[in-house]
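Colleague: predicted model and sequence follow; I will ask about them next.
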Amino acid sequence: MTLVEVKEILNKFVEKESEEHVSTYNNVALTAKAEGYSDIEAMLCAYAEEEKNIAETARKVLELLSVKEVLSKFAEKENAEHVAEYNKVALAAKAEGYSDIEAMLCAYAEQEEDIARTARKVAGAL
């Protein structure tokens, strides 16, 4: 299952949980209240609150998955573009005899690699 598929399923779940289930429990609770069953009303209101909490937790997971996706893409771009560009310019500087600039650019490339590695680790931890 892909990340996109998981996110779609979670989106549908959050909608159903927060709209359908919560409103169903609340509607039946109102009916129970109108008929004088306050104990059943309280129980159904508690169920509605639990459904709301479940939906909120699923929403938070969905947000984390989005962050994971963004961090993963960031790490790829960081490696593919920034590191490669610094290394390319460093080679040109070396060829032209600018070893100090080459060293500086290689250090920048290493920092970019560290940033990408860190982003991948954080994404993996989510």
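Modeller: Arrived safely, thanks for sending. Numbering: from 1, shown residues only.

Colleague: for A109, what are its contacts?
Modeller: H82, V83, Y86, N87, A90 (C-beta atoms under 8 Å, 6 or more residues apart in numbering). In short, each C-beta sits where N, CA and C put it, glycine included.

Colleague: restrict these to the buried ones and give me that as a PyMOL selection.
Modeller: In PyMOL, a selection of the buried entries from these looks like this (16 or more other C-beta atoms under 10 Å):
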select buried, resi 82+83+86+87+90
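
Colleague: skip ahead from the lowest-mean-pLDDT helix or strand in the chain and say which helix or strand is next.
Modeller: Of all helical and strand segments in the chain, the minimum by mean pLDDT, DSSP states H and E falls on helix 3-15, at a mean of 85. Counting by DSSP states H and E, the element after helix 3-15 in chain order, helix or strand, is helix 22-34.

Colleague: helices or strands up against that following helix?
Modeller: In terms of contacts (3 or more C-beta pairs under 8 Å, 6 or more residues apart in numbering; DSSP states H and E), helix 22-34 is packed against helix 38-77.

Colleague: now do the helix it packs on: distance to the chain's middle.
Modeller: Put simply, helix 38-77 sits 12 Å off its chain's centre (C-alpha atoms, centre = their mean, to the nearest Å).

Colleague: do the same with stretch 18-34
Modeller: When distances are taken as C-alpha atoms, centre = their mean, stretch 18-34 is centred 32 Å away from the chain's centroid.

Colleague: and what of stretch 13-24?
Modeller: Offset of stretch 13-24 from its chain centre (C-alpha atoms, centre = their mean): 22 Å.
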